[in-house]
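**Q** Turn this into a structure:
(one chain, ligands or ions: 1)
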Amino acid sequence: MIILAKVVLRKGYLSDKQVLSIDAQLTELRAFAREQGLQIVEEFVEKQSAKSLGRPIFGEMLERIESGEAQGIVSWAPDRLARNSVDGGRVIYLLDTGKLASLKFPTFWCDNTSQGKFMLSMAFGQSKYYVDSLSENTKRGLRQKVRMGHCPSLAPVGYINDVRTKTITVDKKRSKIIKQVFQEYVKGNMRLEDVADFLAHSGVTTRTGKRISKTKASFILSNPFYIGLFKYGGELHEGKHEPIIAKKLFDEAQAVLKRRGQPDRKPKNEPQPYCGLISCASCGMMITAENKTKRQKNGNVHHYVYYRCTKKSKTQRCTEMSLRSEEMDRQVSSLIKSVSLPTDWAEELNRVAIVEHKTSAHSATRLVKEKEENIQTIAIKLERLLNGYLDQVIDEQDYRTQKAKLLSEKKSLEGEITSLSHHANDWLAPFEDWLKDAMDLDKIASDSNLFAKKVTAKEIFGSHLRLGGKVVAVAAGDAPQNGSVYAPTQWAALRAAHSSVGFEPTSSILVPGAGIEPARHFE
Ligand SMILES: [Zn+2]
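**A** Predicted structure coming up:
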């Protein structure tokens, strides 16, 4: 049997919705025709409303049926084919005279019997039918939107709207800057103000060329678009665009945003390099800096910077004395030097790492397979969820929450697979970099760049530096306090190794089990 397919669209749709609807209708009609074993002679698409008379394409289609070119019509729904009595009458007349053998709709049952024709004439004439079919049409539109995965809005910084292909592509230069922003921000030492500065220095501005605000910076750091999702109509969707931020990095940034959620307070004095690094050994409050001016009798004026306890404790009166900045610098430098890595240790560590590197490849392959299976399970769940929502078994709020959760899980798994397959065995290079860093500490400690020293000290000692009796030292007992999470780093292990020198033979210090090996991506 030969069937002429026809798609009629209602007027008054927005132009992009119109495109979406035609695509969706055609996709489903072709599948329907295949299922029914029908051969399509021609596809007709008419954008004029089925309500109005004198539609040229509709007329041409009926003429070709009358001339015997085809014996049937496939259309989305009766209301798409004819919604005025004249057109409807012509279709039914063709059925009566046998010129039209069959009329098929995926959404409506009708056969060439008197009962079928009666049902059809009802359908053609009734606008109520249109109202009923609206919910079906809405579902179809939604499915298509989800299927297409296109974000219908302006591309965020780091992406470009490609006008020609109507897609969103990666902006090579700016995407690198965005990546840097995330990488720097998760280190936890940046305020949103600093993020805005960083972007300004890198030449990233708003669309109108203005400086990016703190609010906008926060928006950038929390935009799921960067991991391949997008928000549309309050709902999270999977995008077709390429992600530029790894899910893991994104999650870390969200944690930092949450932790630093309080509004920034502006420091009153010029910030000094070692502020925020050390706390008081007596009362536990932070050590701050203070400018002091001394005037000598002979008229000379000297400016000094002192570091002292903020003495903000309400339960304890602190009597700790302040420390001159030069002395502070000398002490911090010597602490950094104390953990620098001796060359012979570095060589031994490198040898152990290379052996370890070989054995980790096997377990990675197994893990990738496991995670791929998990992703498949999520895809099934997503499909079920969408069906549940479209069948109105699940309400919109639940649907959105569940969908966001599943998509987030899926992205995590995808990220883990990527890092497993590409980077599981990539830890060797960063580890070797770290060995180099550890050997370089001597140089940093002797340098005059105080900010670099602070960053290094923060990385090595975390928040474990104390000032007491004019001496900066690492707090005794690095154990977690008050249940706070303290992740042991390679620096902590290195420090521990240093302190055990002289008590244990060097060989046992360098055993990787001691914790000097780097953290793996999996586990
Ligand atoms: Zn104090």
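**Q** can you give me the helices in the stretch 1-150 of the chain?
**A** Here the stretch 1-150 of the chain has its helices, by DSSP state H, counting those that start in this stretch, at 15-35, 56-66, 78-81, 85-97, 114-125, 127-148.
**Q** Could you spell out the sheet neighbours of the next helix or strand after the last one, each with its direction?
**A** So that's helix 127-148. From helix 127-148 onward toward the C-terminus, using DSSP states H and E, the following helix or strand is strand 159-162. Counting by DSSP bridges, the strands paired with strand 159-162 are strand 167-170 (antiparallel).
**Q** Can you point out the buried residues in the strand it pairs with?
**A** 168, 170 (16 or more other C-beta atoms under 10 Å). Bear in mind the C-beta positions are built from the backbone N, C-alpha and C, glycine included.
**Q** what's the neighbour count on the closest residue to residue 69 other than its chain neighbours?
**A** Once flanking residues are discounted, residue 69 sits nearest to residue 41: 6.4 Å by C-beta to C-beta, 6 or more residues apart in numbering. If you count neighbours by other C-beta atoms under 10 Å, residue 41 ends up with 15.
**Q** any idea how far residue 41 is from the ion?
**A** In this view, residue 41 and the ion are 89 Å apart by C-beta to the ion, to the nearest Å.
**Q** Can you read off the pLDDT for that residue?
**A** pLDDT, residue 41: 85.
**Q** if we can go back for a sec, mean pLDDT lowest for which of the helices of the stretch 1-150 of the chain?
**A** Among the helices of the stretch 1-150 of the chain, helix 127-148 scores lowest, with a mean of 55.
**Q** Spit out the contact partners of residue 242.
**A** The contact partners of residue 242, by C-beta atoms under 8 Å, 6 or more residues apart in numbering, come to 169, 170, 228.
**Q** is it possible to export the residues you listed to JSON lines including distance to residue 316 and pLDDT?
**A** Output for the contacts of residue 242, formatted as JSON lines (distance: C-beta to C-beta, whole Å; pLDDT from 0 to 100):
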{"residue": "169", "distance to residue 316": "59", "pLDDT": "90"}
{"residue": "170", "distance to residue 316": "54", "pLDDT": "93"}
{"residue": "228", "distance to residue 316": "51", "pLDDT": "88"}
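**Q** Between the residues you listed, which sits nearest the ion?
**A** Checking those against the ion by C-beta to the ion gives residue 228 as the nearest, at 48.4 Å.
**Q** Run a quick neighbour tally on that closest one.
**A** 22.
**Q** For the closest residue to residue 316 other than its chain neighbours, grab the count of nearby residues.
**A** Take residue 316 and drop its neighbours on the chain: the residue closest to it by C-beta to C-beta, 6+ apart is residue 283, 4.6 Å away. As a burial measure, residue 283 scores 18 neighbours (other C-beta under 10 Å).
**Q** what's the residue of the stretch 101-250 of the chain found nearest the ion in contact with, if anything?
**A** The stretch 101-250 of the chain approaches the ion most closely through residue 189 (23.0 Å), counting by C-beta to the ion. Contact analysis of residue 189 by C-beta under 8 Å, 6+ apart lists 455, 458.
**Q** Now do the SS call for it.
**A** Following DSSP: H, G, I helix; E, B strand; the rest coil, the label given to residue 189 is coil.
**Q** Do you know the pLDDT at it?
**A** We have a pLDDT of 79 for residue 189.
**Q** rewinding a little: what separation do you get for the residue nearest to residue 69 and residue 65?
**A** From residue 41 across to residue 65, the span is 10 Å (C-beta to C-beta, to the nearest Å).
**Q** now residue 392
**A** Taking C-beta to C-beta, one finds residue 392 at 38 Å from residue 65.
**Q** With residue 431 instead?
**A** 74 Å.
**Q** Run through the helices of the stretch 401-523 of the chain in chain order.
**A** Taking DSSP H, counting those that start in this stretch, the helices of the stretch 401-523 of the chain run over residues 428-446, 450-461, 490-500, 506-509.
**Q** Least confident of these, on average?
**A** Among the helices of the stretch 401-523 of the chain, helix 506-509 carries the lowest mean pLDDT, at a mean of 44.
**Q** Residue 231 belongs to a strand?
**A** Yes. According to three-state DSSP, residue 231 belongs to a strand.
**Q** Any idea what it is bridged to?
**A** According to DSSP bridges, beta-bridge pairing links residue 231 with residue 236.
**Q** wait, doesn't it sit right on residue 224?
**A** Yes. Between residue 231 and residue 224 a contact is recorded at 6.6 Å, counting by C-beta atoms under 8 Å.
**Q** Residue ranges in the stretch 351-500 of the chain under the pLDDT threshold?
**A** 361-362, 422-426, 476-500 (pLDDT under 70).
**Q** rerun that using 80 as the cut-off
**A** For the stretch 351-500 of the chain, the stretches with pLDDT under 80 are 353-366, 387, 390-394, 419-434, 437-439, 451, 476-500.
**Q** Can you pull up the most central residue in the chain?
**A** In the chain, the residue lying closest to the centroid (C-alpha atoms, centre = their mean) is residue 227, at 3.0 Å.
**Q** show me what contacts that one?
**A** 243, 245, 246, 247, 250, 411, 415 are the contacts of residue 227 under C-beta under 8 Å, 6+ apart.
**Q** Can you list which of these are found in helices?
**A** With helices taken from DSSP state H, the overlap with those comprises 247, 250, 411, 415.
**Q** can you give me the strands for the stretch 301-450 of the chain?
**A** Taking DSSP state E, counting those that start in this stretch as the test, the strands found in the stretch 301-450 of the chain are 301-309, 323-324.
**Q** which one of these is the most hemmed in?
**A** Ranked by mean neighbour count, those are led by strand 323-324 with a mean of 18 (mean count of other C-beta atoms under 10 Å).
**Q** Please consider this matter closed, and thank you.
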